[in-house]
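S.K.: only the shape, not the letters, is given here:
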């Protein structure tokens, strides 16, 4: 069993390394979770002000 655990760990690390350099995040959520994720991204300064304005219909 330890061998299998090492293979899983190696596969996960390889997957994460492969996707580490991507610059965007896409997610799918229902209405309540979308608002929560938007708020979290905005509070963490991980979303551009133009994107916020576009979603609010300001731009």
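M.R.: Now that the structure is in, tell me what you want to look at. Because the structure is a prediction, the values reported are computed rather than measured.
S.K.: alpha carbons only for contacts and neighbour counts from here, please
M.R.: Noted.
S.K.: scan the chain for its longest helix.
M.R.: In terms of residue count, the longest helix belonging to the chain (DSSP state H) is helix 2-18.
S.K.: quick check: mean pLDDT of the next helix or strand after that helix?
M.R.: Past helix 2-18, further along toward the C-terminus, the next helix or strand under DSSP states H and E is helix 31-43. Looking at helix 31-43 alone, the average pLDDT works out to 79.
S.K.: now whichever helix or strand comes after helix 31-43: mean pLDDT?
M.R.: Taking DSSP H and E as the definition, the helix or strand that follows helix 31-43 towards the C-terminus is helix 49-56. Summarised as a single mean, pLDDT over helix 49-56 is 78.
S.K.: buried ones in helix 49-56?
M.R.: Along helix 49-56, not one residue counts as buried under the neighbour rule (16 or more other Cα atoms under 10 Å).
S.K.: quick revisit: avg pLDDT for the longest helix of the chain?
M.R.: Here the mean pLDDT over helix 2-18 is 77, rounded to a whole number.
S.K.: from the chain's centre, how far out does it sit?
M.R.: Distance of helix 2-18 from the chain centroid (Cα atoms, centre = their mean, to the nearest Å) equals 21 Å.
S.K.: what of stretch 12-22?
M.R.: Distance of stretch 12-22 from the chain centroid (Cα atoms, centre = their mean) equals 13 Å.
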